[in-house]
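Below: sequence and its predicted model.
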Amino acid sequence: MQYEAVIGLEVHAQLLTESKIFCGCSTAFGQPPNSNTCPVCLGMPGVLPVLNRQVVEFAIAAALATNCTIAERSVWARKNYFYPDLPKGYQISQFEAPIAEHGWLDITVDGDQRRIGITRIHMEEDAGKLVHDDRDPVSYVDLNRTGTPLIEIVSEPDIRTPAEAATYLKTLRDILVYLEVCDGNMEEGSFRCDANVSIRPVGQQELGIRTELKNMNSFRNVAAALDYEIRRQRVVLEGGDAVVQETRLWDADAGKTHAMRGKEEAHDYRYFPDPDLLPLVIEPQWIQRVRDSLPELPAAKRSRFEDSYGLSAYDAEVLTASRAVADFFEATVQAGAEPKKAANWIMGELMGALKAESRQIGDSRVGPAELAGLIGLISDGTISGKMAKEVFGLMMSSGRPAAEIIKEKGLEQVSDAGELEAILRGIIEAHPKEAEAYRAGKKKLMGFFVGQVMKATKGQANPKLVNQLAAKLLGEG
């Protein structure tokens, strides 16, 4: 029997606010345990939450960017469960009336476009963190993360393959990073994904029994975990057994999922409206102000880069994967560089150098204007492309401009036709057998003569001009 997978993703994105969602405590990562806490986020008796307006702004931006309908009125709810990292015994979230619903994202996988529906986006607070001791059978509770603002983005079960799941996640992450509402760091947990997956016979409308997958901290792990779980469920069904509805953890080292616990349903959390928080009312003018402030999003920017700069789909995708890289490229072009040459240098030499130094593009010692200047010196024949790579390395290590380095090192390209012709005549006279063989049809010997000129000029001869002069002189005989 042929089966198809039905996959839905629940993404938790940590918002880039300076303070928590219901108190003024810092959200800074890596602080000493339990130092970013106060009576509100610790759940002390008698304290009241106060909503952070910036959280709502960020949630509105995410909803608009994912084509959601924003609710005029949304309601806060208490999600009740007991766990040591949840000091109040409940999590403030949204349930029946979230801030946004009914959105979608378009993704492209293997050339095919798919539209993935978004069921809802809601705001909530994060829980704390348990730190397990490897030497003793004890765990420690760090509540710094408690109250950190999150948005949860829940997709429709429209995803059919692990590749589609990974592409949807990457598309969503890129949007949130472009909006500057989330840093998208999966390894640090600021962009987390749980997956619900089931399989059913092809053509069947009824959904199969689903399992929930957790502990996936990269796009690759999401795809790998889903692939394993789909295969596992197929084996279960083909063996005549039933899939158990449960939560399973992905073990990346073993390449398997393991049962963790039975899957909870909504009624297990006993949701009810939070009596300490009024319903949130969002006026149309507020939504419009946020809409007007949205940046150009990745898909639109990719399309514009192809149309306006004549870039290939691949180049446009690489350059727009990061808003900072896209801005660097456009600034380089605005500084005078040809778009294709700017793209090649950024994707090649610049990215390679930054990766080697573990730097971000915003920390590059070579800025857009400096890179455009270097590209211009290649175009006007001042230096060769090969020599430019050496100059670029010196620019990255020193932060000095190309023209200054070229002058100091004496690296100007030799483009004087008379000087190069004299050098070539001497080389031809010194190698009569090679010259005669070239004229007899061994055209590959052109590389020999060009190489001799480059050697004589210490690599500074204009190679295009040398080829032209060599063809002329060798043809004279």
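Everything's here; your move. Predicted model only: the values in this text are computed from it and were never measured. Residues are numbered from 1 along each chain as shown.

which stretches of the stretch 201-350 of the chain have low pLDDT?
263-264, 266 (pLDDT under 70).

Can you show me the helices along it?
Remark: helices assigned in the stretch 201-350 of the chain by DSSP state H, counting those that start in this stretch are 219-238, 284-293, 298-309, 313-320, 323-334, 339-345.

any idea which helix or strand comes after the last one?
What that stands for is helix 339-345. Scanning forward in sequence from helix 339-345 by DSSP states H and E, the next helix or strand is helix 351-356.

just checking, what packs against that following helix?
Applying 3 or more CB pairs under 8 Å, 6 or more residues apart in numbering; DSSP states H and E, one finds that helix 351-356 contacts helix 385-398. C-beta here means a position set from N, CA and C on the backbone, and glycine is covered the same way.

mind checking how far the helix it packs on is from the chain centre?
In terms of CA atoms, centre = their mean, to the nearest Å, the centre of helix 385-398 is found 28 Å from the chain centre.

still on that earlier bit, make JSON lines out of the helices of the stretch 201-350 of the chain and add mean neighbour count and distance to K389.
Formatted as JSON lines, the helices of the stretch 201-350 of the chain follow (neighbours: other CB atoms under 10 Å; distance: least, CB to CB, whole Å):
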{"stretch": "helix 219-238", "mean neighbour count": "18", "distance to K389": "32"}
{"stretch": "helix 284-293", "mean neighbour count": "12", "distance to K389": "41"}
{"stretch": "helix 298-309", "mean neighbour count": "16", "distance to K389": "23"}
{"stretch": "helix 313-320", "mean neighbour count": "19", "distance to K389": "19"}
{"stretch": "helix 323-334", "mean neighbour count": "20", "distance to K389": "17"}
{"stretch": "helix 339-345", "mean neighbour count": "20", "distance to K389": "10"}
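
Can you tell me which residue sits nearest the middle of the chain?
D174 (5.2 Å; CA atoms, centre = their mean).

Just to be sure, that one is in a strand?
No: D174 is assigned helix when assessed by DSSP: H, G, I helix; E, B strand; the rest coil, not a strand.

Nearest to V50 among the helices of the stretch 201-350 of the chain would be which one?
Smallest distance to V50 across the helices of the stretch 201-350 of the chain (CB to CB): 18.2 Å, for helix 284-293.

which residues touch that closest one?
Contact with helix 284-293 is made by 57, 60-61, 64, 70, as judged by CB atoms under 8 Å, 6 or more residues apart in numbering.

Sitting in helices, which of the residues you listed do you find?
Judged by DSSP state H, the contacts of helix 284-293 include 57, 60-61, 64 as members of helices.

List just the nearest of the residues you listed to G111.
Nearest member of the ones in helices among the contacts of helix 284-293 to G111, counting by CB to CB, is L64, at 28.3 Å.

so who does that closest one touch?
Taking CB under 8 Å, 6+ apart, one finds 70, 287, 290-291, 294 in contact with L64.

go on, H258?
When contacts are counted by CB under 8 Å, 6+ apart, H258 touches 248-249, 251.

Kindly report the same for A388.
Listed by CB under 8 Å, 6+ apart, the contact set of A388 reads 374, 377-378, 402.

Swap in 7 Å and give it another go.
Listed by CB atoms under 7 Å, 6 or more residues apart in numbering, the contact set of A388 reads 374, 378.

if I look at it, how far off is I405?
The spacing between A388 and I405, counted by CB to CB, to the nearest Å, is 11 Å.

V244 too?
In this structure, V244 and I405 are 66 Å apart, going by CB to CB.

How about A326?
For A326, the distance to I405 equals 28 Å [CB to CB].

Please apply the same query to I199.
Taking CB to CB, one finds I199 at 61 Å from I405.

Please apply the same query to E283.
57 Å.

do R160 as well
Distance, R160 to I405, by CB to CB: 54 Å.

cool, T320 as well?
According to CB to CB, T320 stands 31 Å off from I405.

hmm, back to that, now the buried members of the contacts of H258.
Neighbour counting with 16 or more other CB atoms under 10 Å marks 248-249 as buried within the contacts of H258.

In a markdown table, list the helices of the stretch 201-350 of the chain along with distance to L207.
Formatted as a markdown table, these follow (distance: least, CB to CB, whole Å):
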| stretch | distance to L207 |
| --- | --- |
| helix 219-238 | 12 |
| helix 284-293 | 34 |
| helix 298-309 | 30 |
| helix 313-320 | 34 |
| helix 323-334 | 38 |
| helix 339-345 | 45 |
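
nearest to M260, of these?
Closest to M260 of the helices of the stretch 201-350 of the chain, according to CB to CB: helix 219-238, at 12.8 Å.

List of residues touching that closest one?
Residues contacting helix 219-238 (CB under 7 Å, 6+ apart): 3, 5, 7, 162-163, 165-166, 169-170, 193, 195, 197, 199, 211, 213, 216, 243, 250, 252, 255-257.

Mind checking which of those residues land in strands?
Among the contacts of helix 219-238, the members falling in strands (DSSP state E) are 3, 5, 7, 193, 195, 197, 199, 211, 213, 216, 250, 256-257.

Filter these down to just the buried residues.
Using 16+ other CB under 10 Å as the burial test, the ones in strands among the contacts of helix 219-238 include 3, 5, 7, 193, 195, 197, 199, 211, 213, 216, 250, 257 as buried.

between the residues you listed, which is nearest S308?
Out of those, the member with the shortest distance to S308 (by CB to CB) is C193, at 33.9 Å.

Not counting sequence-adjacent ones, nearest residue to that closest one?
Nearest residue to C193, sequence neighbours excluded (CB to CB, 6 or more residues apart in numbering): V11, at 5.2 Å.

Wasn't the one you found part of a strand?
Yes: assessed with three-state DSSP, V11 lies in a strand.

That one and E125, how far apart?
Counting by CB to CB, the gap from V11 to E125 is 16 Å.

and if you look at P432?
Counting by CB to CB, the gap from P432 to E125 is 85 Å.

which residues sit in contact with the closest residue to D85 other than its chain neighbours?
Nearest residue to D85 in three dimensions, chain neighbours excluded: G128, at 3.5 Å (CB to CB, 6+ apart). G128 is in contact with 85-86, 141-143, 145-146, counting by CB under 7 Å, 6+ apart.

quick check, nearest of those residues to E187?
Distance to E187, by CB to CB, is smallest for R145 among the contacts of G128, at 15.2 Å.

Against A223, how distant is the closest one?
Distance from R145 to A223, by CB to CB: 27 Å.

what does K443 give?
Counting by CB to CB, the separation of K443 from A223 is 50 Å.

can you dump the C-alpha coordinates of stretch 120-140 into CSV?
Taking Å, rounded to 0.1, in the frame of the first residue of the first chain, the C-alpha atoms of stretch 120-140 are listed here in CSV:
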residue,chain,number,x,y,z
ARG,A,120,-2.8,30.7,13.9
ILE,A,121,-0.2,32.9,15.5
HIS,A,122,-0.5,33.6,19.2
MET,A,123,1.7,35.3,21.9
GLU,A,124,2.9,33.6,25.1
GLU,A,125,5.6,33.6,27.7
ASP,A,126,8.4,31.1,27.8
ALA,A,127,9.1,28.7,30.7
GLY,A,128,12.4,28.4,32.6
LYS,A,129,15.2,25.9,32.0
LEU,A,130,16.3,22.7,33.8
VAL,A,131,20.0,22.1,34.0
HIS,A,132,20.8,18.5,34.7
ASP,A,133,24.0,17.5,36.7
ASP,A,134,26.1,14.9,34.9
ARG,A,135,27.7,13.7,38.2
ASP,A,136,24.8,13.8,40.7
PRO,A,137,21.1,12.7,40.2
VAL,A,138,19.9,16.3,40.6
SER,A,139,18.6,19.1,38.4
TYR,A,140,18.9,22.8,38.8
